[in-house]
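*Asks:* Provide a 3D model corresponding to the input given below.
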Amino acid sequence: MARTAYQKQADSRTRTALRLRSRADGKVRKYAAALVAALVSAADAKACLDRVNLLYGVDISPETLLVHDVRTAGLGTQLSNLLAASSPGEEVQLFNPTANGNSGLVLDNELVFGETVLALPSVPVDPVESAPTPGIRVTTLQALRINDSTWNIVVQASSPSGTYHLANDASPYAYNFENEHEMAFSLDGMTAGQAVQFTFTDSVNNQVTLQRTLTLLTM
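*Replies:* Presented below is the predicted three-dimensional model:
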């Protein structure tokens, strides 16, 4: 018996879905393996900085906050175990004949299969004004000179989510702070009169940002 248009559409859509599944699986495996390798490199970097701190009596953070959180969460070990427990293509798909349905007629196009769907005419509606999104408020941002090249930065701010990220263009490190807590950190290798740009970003909504420039001045 000849296959109906409905059955042919089912086969075509199944092949499309399986191709997408295969591509997604390949990407997940590729990036998971890359992350595991990156964490190994991060461990090497941590060992080097730990040694520098020990030999020269300095206190340099051996890893960034993100790397620390990923490492302590055991994500590298979890990914390695998951990769070792499976192989590409182990979920074999056996095609079973699709029973005829919908009177043999094809179903309507759907975007999920990458098919063209004709849009329904839009009905104009009255615009509704939304409340403005609350932003980040900085109450303290000052620099205190410790010596010729080291400055202590004091900051206090608040963001809608209750916590915020703070980055600056003079240091590769970013900090996570809570609202209304006065925090401090040091910048090394700086000179008086140098301008430092700080970027405040809400921890939950990275669209909420604020930039401030601080000039290092002697008191």
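
*Asks:* so what are the domain limits for this protein?
*Replies:* For the chain, whose domains are defined here by automatic domain parsing, the residue ranges read 5-113, 137-215.

*Asks:* Rebuild these as CSV, extending it with mean neighbour count and mean pLDDT.
*Replies:* All C-beta atoms are positioned from the backbone trio N, CA, C, and that covers glycine. As requested, the domains of the chain are arranged in CSV below (neighbours: other CB atoms under 10 Å; pLDDT from 0 to 100):
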stretch, mean neighbour count, mean pLDDT
domain 5-113, 12, 90
domain 137-215, 15, 89
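
*Asks:* For A119, which of those is the nearest?
*Replies:* Minimum separation from A119 across the domains of the chain (CB to CB) falls at domain 5-113, 10.5 Å.

*Asks:* okay, how far is it across that closest one, tip to tip?
*Replies:* 17 Å (CA to CA, to the nearest Å).

*Asks:* Could you give the separation of it from the chain centroid?
*Replies:* How far domain 5-113 lies from its chain's middle: 15 Å, per CA atoms, centre = their mean, to the nearest Å.

*Asks:* Give me the longest helix you can find in the chain.
*Replies:* Longest among the helix segments of the chain by residue count, using DSSP state H, is helix 5-56.

*Asks:* what packs against whatever helix or strand comes next after it?
*Replies:* Under the assignment DSSP states H and E, the closest C-terminal helix or strand after helix 5-56 is helix 65-72. Using 3 or more CB pairs under 8 Å, 6 or more residues apart in numbering; DSSP states H and E as the contact criterion, the elements in contact with helix 65-72 are helix 5-56, strand 171-178.

*Asks:* Alpha carbons only: can I get helix 65-72 in CSV?
*Replies:* Coordinates of the C-alpha atoms in helix 65-72 are reproduced here as CSV (Å, rounded to 0.1, in the frame of the first residue of the first chain):
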residue,chain,number,x,y,z
LEU,A,65,35.7,33.4,41.4
LEU,A,66,34.1,31.5,38.5
VAL,A,67,36.9,28.9,38.3
HIS,A,68,36.8,28.4,42.1
ASP,A,69,33.0,27.9,42.1
VAL,A,70,33.2,25.4,39.2
ARG,A,71,36.1,23.5,40.7
THR,A,72,34.6,23.2,44.2
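
*Asks:* Direction-wise, compare it with helix 5-56 and give the angle.
*Replies:* Using axes from the mean of the first three to the mean of the last three CA atoms, to 10 degrees, the inter-axis angle of helix 65-72 relative to helix 5-56 is 100 degrees.

*Asks:* so helix 65-72 versus strand 171-178, what angle?
*Replies:* Here helix 65-72 runs at 70 degrees with respect to strand 171-178, directions being taken by the same axes, to 10 degrees.

*Asks:* what's helix 65-72 in contact with?
*Replies:* Contacts of helix 65-72 with the rest of the structure, by CB atoms under 8 Å, 6 or more residues apart in numbering, involve 35, 39, 42-43, 63, 76, 173-176.

*Asks:* Let me know the closest of those residues to G101.
*Replies:* Of all the contacts of helix 65-72, the one with the least separation from G101 (CB to CB) is L35, at 43.6 Å.
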